[in-house]
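**Student:** The sequence and its predicted three-dimensional model are supplied below.
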Amino acid sequence: MEFKAKLSNIVHGNDSLLCVGLDIDKDKIPRFLFKEKEPFYSFNKQIIDATKDLVCAYKMNMAFYEILGKNGFDILEKTIRYIPKNIVVILDGKRNDIGNTAKKYAESLFETFNADAVTVNPYLGIDGLKPFLDYKDKYSFVLCRTSNPSAVDFQDLKIHDKKLYEHVALKIKKWNDIGYCGAVVGATYLEELKKIRKILGDDTVLLIPGIGKQGGDVEKTIKYGTNNEGSNAIINSSRGIIFAGKDENFAEESRKLALDLKNKINRYR
């Protein structure tokens, strides 16, 4: 199914814009799980079982799996297979290169791992993005205004009459003539979020991290980040949800936080 149709179906089906980030971390998952044969996969399965009716997407940051080497890729593949088919799968690798290398990155994420969407870096221009945009049933979220404090080092640089992140947003709008792409915009920069939504219009999907541990304001994020129908935004929370508990009931604790955030998001849609 084409990405935007799949996203629309699950947003309406679960009445949710919430994305839970499955960023496994050996220092943070409950210690008792290490008695099991596959502790990380067991952790992911229990989080998915507890939240699958509350989310529109799951996002996996590749670094948390790559650090585990060969086993990490196995966990990633098994986790993706376990996620219900109607829920969007986002692989967060921020990949970028040119020519044949970019093509292989795209093949890896979209074909080998079967992601519905990925994150990509715009720094190399269209050469680095076209292999991703060639997948017409998939979606590429282009880094535009990231949520970290030092985002200002480059993204606020002024070029002519606009800041760099605004130029990137304008490019994303243009690149949608080639393939399907949206923007990664942090909830920690609300005025920038407002500007980017205005540039990109209602049809573009925004992936918005920065809620939860990073302190993004939910009400203003929804006000500025969604379109006129209160949609086309995926609001991500990772460690703020999945590491809620340390005991056998950790998944129930994660569910409580996911439900609370889902309801809070819907309150302002």
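**Tutor:** Perfect, thanks for sending it.
**Student:** what ranges do the strands span in the stretch 101-250 of the chain?
**Tutor:** Ranges of strands in the stretch 101-250 of the chain, per DSSP state E, counting those that start in this stretch, are 117-120, 139-145, 158-159, 162-163, 181-185, 206-208, 233-237.
**Student:** which outside residues touch the longest one?
**Tutor:** Strand 139-145 is contacted by residues 3-4, 7, 90, 94, 116-122, 129, 132-133, 151, 155, 165, 168-169, 171-172, 175, 179-186, 189, 192-193, 196, 205, 207 when judged by C-beta atoms under 8 Å, 6 or more residues apart in numbering. Every C-beta, even on glycine, is put in place using the N, C-alpha and C of the backbone.
**Student:** Can you tell me which of the residues you listed are buried?
**Tutor:** Neighbour-count burial (16 or more other C-beta atoms under 10 Å) applied to these gives 3-4, 7, 90, 94, 116-120, 122, 129, 132-133, 151, 155, 165, 168-169, 171-172, 175, 179-186, 189, 192-193, 196, 205, 207.
**Student:** Where does the prediction get shaky in the stretch 151-269 of the chain?
**Tutor:** Regions of the stretch 151-269 of the chain meeting the criterion pLDDT under 70 cover residues 212-215.
**Student:** returning to what we had before: adding distance to Phe110, write the strands of the stretch 101-250 of the chain out as TSV.
**Tutor:** Converted to TSV, those look like this (distance: least, C-beta to C-beta, whole Å):
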stretch	distance to Phe110
strand 117-120	7
strand 139-145	9
strand 158-159	32
strand 162-163	31
strand 181-185	13
strand 206-208	16
strand 233-237	18
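**Student:** do you know which of these lies nearest Lys28?
**Tutor:** strand 233-237 (14.5 Å; C-beta to C-beta).
**Student:** Point out the other helices and strands that the closest one packs with.
**Tutor:** strand 18-21, strand 57-61, strand 206-208, helix 218-225, helix 250-267 (3 or more C-beta pairs under 8 Å, 6 or more residues apart in numbering; DSSP states H and E).
**Student:** Save the ones you listed as TSV, and put in distance to Glu77 too.
**Tutor:** Listed next are the helices and strands packed on strand 233-237 as TSV, based on distance: least, C-beta to C-beta, whole Å:
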stretch	distance to Glu77
strand 18-21	18
strand 57-61	11
strand 206-208	22
helix 218-225	31
helix 250-267	21
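**Student:** Tell me which of these sits nearest to Thr51.
**Tutor:** Smallest distance to Thr51 across the helices and strands packed on strand 233-237 (C-beta to C-beta): 4.7 Å, for helix 250-267.
**Student:** Tell me the buried residues in that closest one?
**Tutor:** Applying 16+ other C-beta under 10 Å to helix 250-267 flags 250-251, 253-255, 257-259, 261-262, 265 as buried.
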